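> model the following, please.
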Amino acid sequence: MKKFIINILPVMLFCAIFCSCEKWTEVEADNFETPERSAEYYANLRLWKATAGDRQVSFGWFGGWNGEGASMVGSLAGLPDSLDMVSIWGDWKTMTDARQKDLKYVQQVKGTKVMATLFTQSVGQGITPDGVDLNEYWGWNPSATSQNAEPNDEQKVAIRKYAAAIADTILSLGYDGLDIDFEGDGDLMRGQYRWKVFIEELGKYLGPKSGTGKLLALDFFGDYSMGNSVSKEIAPYFDWFINQAYAWQVGSNYTVLNNRLGYIINSYASEELTVADVAKKFIVTDSFEHGQTALNGGLPFTQEDGTTVLSYTVGMAAWEPLINGKRYAKGGSGVYHIEYGYTAAKEDGFYPFTRRNIQIMNPASKKGN
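Numbering: from 1, shown residues only. Below is the predicted model of the structure:
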């Protein structure tokens, strides 16, 4: 009985937001350039957003952020109200007055979580001050030990200094967390021993181990690229595993998604992080950077029953993981360059494909916002 109550609570909250008041279900006809909602609406929206761990979440990488302009395509405020999380792609360190106002609005009023995307292949990447020697500034000597060996004390100090500086930058700018883009190569991410020191230090400030409520996500393209650096030991430090399963690159069918999740489960499931836990952290994503995907809401995607749908709008949203003959609940779905889907030909309103994606994952109302 207790388990049933926990599982049904997110649905009840979602219904409270989108079903109890008729005007909340008429959102697609509204003008999202000048959104006006009641305090009650936003209070219920924030309550529903707080159930993210008990349901599927919606996510997007957001580029071209300026927080101002006649059109809201460059503002976080223009994103669908029910979008759970967004990660800033591109320059996130320049915090103008307009950006700061936009950021605080979606966080405090809509309850949207906003992360910053950062490549961390090498010590110092992304936050080293201009005009200084990178290795000298951090006290980092990558060749002092083998990449496959335990770092020496000096290297550990440098790695921890870098991790702490990242966390300080993220938090001081007001973000809700960090999204590590795990791809490419570098002297930090090559060996799991170095990365373990790095993630354990980050975990003091961000992620489920920190107790701060701030997020730590890992996004990645190829399943194989994770094995050398991300071990079972540090997998529990992440809130989310965000997979770049872009339909135009890796194929567009349910078996691709099952295989990708299966690899992550095999790599990271442990006594601390069960198979179900890993699946609940797994967010599958498509890409609007591909023209046809942005134009139509996805590429043709083959579902388990043989039907063909659009990959982002329907396929990834409706996908129910099947691993070794057993169903699991996934974390959610999302899209790269979500802002490219701000409008679409022959579609009404703003972010039409993202709204449908969200509605499929959380089908409590006929017209979700």
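
> so the closest residue to Ile358 other than its chain neighbours, which state does it fall into?
Leaving aside its sequence neighbours, Ile358 sits nearest to Ser58 (Cβ to Cβ, 6 or more residues apart in numbering; 4.7 Å). Where you see a C-beta, it was placed from the backbone N, CA and C, and this is true even at glycine. Following DSSP: H, G, I helix; E, B strand; the rest coil, Ser58 is assigned to strand.

> Glu200 belongs to a helix, doesn't it?
Yes: under three-state DSSP, Glu200 sits within a helix.

> what pLDDT is listed against it?
With respect to pLDDT, Glu200 has a value of 97.

> near it, how many other residues are there?
By other Cβ atoms under 10 Å, 16 other residues sit near Glu200.

> ok, it - contacts?
Listed by Cβ atoms under 8 Å, 6 or more residues apart in numbering, the contact set of Glu200 reads 234, 237.

> which residues touch the residue nearest the centre of the chain?
What sits nearest the mean C-alpha location of the chain, by Cα atoms, centre = their mean, is Phe59, with 5.1 Å. Counting by Cβ under 8 Å, 6+ apart, Phe59 makes contact with 83-87, 240, 242, 283, 285, 332-335.

> let's see it at 10 Å
83-87, 113, 115, 179, 217, 219, 240, 242, 283-285, 331-336, 338, 354 (Cβ atoms under 10 Å, 6 or more residues apart in numbering).

> in which helix or strand would I find Cys181?
Not quite, residue 181 is Asp, not Cys. Using DSSP states H and E, Asp181 falls within strand 177-182.

> for that strand, name the packing helices and strands.
Here strand 177-182 touches strand 57-62, strand 85-88, strand 113-119, helix 153-172, helix 192-202, strand 215-220, strand 240-244, going by 3 or more Cβ pairs under 10 Å, 6 or more residues apart in numbering; DSSP states H and E.

> can you pull out the low-pLDDT segments for the stretch 251-369 of the chain?
Residue ranges of the stretch 251-369 of the chain with pLDDT under 70: 365-369.

> show me where it has its strands.
Using DSSP state E, counting those that start in this stretch, the strands of the stretch 251-369 of the chain run over 282-287, 300-302, 308-310, 322-323, 326-327, 332-336.

> related to what we said a few turns ago, turn the helices and strands packed on strand 177-182 into TSV, columns for distance to Tyr254.
Below are the helices and strands packed on strand 177-182 laid out as TSV (distance: least, Cβ to Cβ, whole Å):
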stretch	distance to Tyr254
strand 57-62	19
strand 85-88	24
strand 113-119	27
helix 153-172	35
helix 192-202	31
strand 215-220	20
strand 240-244	14
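
> do you know which of those lies nearest Ala345?
Evaluated over the helices and strands packed on strand 177-182, closeness to Ala345 peaks at strand 57-62, with 20.2 Å, by Cβ to Cβ.

> strand partners of that closest one, parallel vs antiparallel please.
Sheet pairing for strand 57-62, assigned by DSSP bridges, gives strand 85-88 (parallel), strand 332-336 (parallel).

> pick the most deeply packed of the ones you listed.
Mean neighbour counts were compared across these using mean count of other Cβ atoms under 10 Å; the top stretch is strand 332-336, at a mean of 29.

> show me the contacts for Ser287.
Under the criterion of Cβ under 10 Å, 6+ apart, the neighbours of Ser287 are 61, 244-249, 293-294, 298, 311-312, 335-338, 340.

> show me which of these are buried.
Listed as buried from the contacts of Ser287 are 61, 244-248, 293-294, 298, 311-312, 335-338, 340; burial here means 16 or more other Cβ atoms under 10 Å.

> which pair of those spans the longest distance?
Farthest-apart pair in those is Ala245 and Tyr340; separation 17.5 Å (Cβ to Cβ).

> which residues does Lys104 contact?
Going by Cβ under 10 Å, 6+ apart, Lys104 touches 76, 114, 174.

> in what helix or strand does it lie?
helix 97-105.

> mean confidence for that helix?
Averaged over helix 97-105, pLDDT sits at 98.

> now that helix and strand 113-119, what's the angle there?
Here helix 97-105 runs at an angle of 120 degrees relative to strand 113-119 (axes from the mean of the first three to the mean of the last three Cα atoms, to 10 degrees).

> may I see the buried residues of stretch 251-264?
251-254, 256-258, 260-264.

> dump the residues you listed to JSON lines, plus distance to Gly203.
JSON lines is the format used below for the buried residues of stretch 251-264 (distance: Cβ to Cβ, whole Å):
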{"residue": "Gly251", "distance to Gly203": "34"}
{"residue": "Ser252", "distance to Gly203": "35"}
{"residue": "Asn253", "distance to Gly203": "36"}
{"residue": "Tyr254", "distance to Gly203": "33"}
{"residue": "Val256", "distance to Gly203": "31"}
{"residue": "Leu257", "distance to Gly203": "28"}
{"residue": "Asn258", "distance to Gly203": "29"}
{"residue": "Arg260", "distance to Gly203": "25"}
{"residue": "Leu261", "distance to Gly203": "23"}
{"residue": "Gly262", "distance to Gly203": "26"}
{"residue": "Tyr263", "distance to Gly203": "23"}
{"residue": "Ile264", "distance to Gly203": "19"}
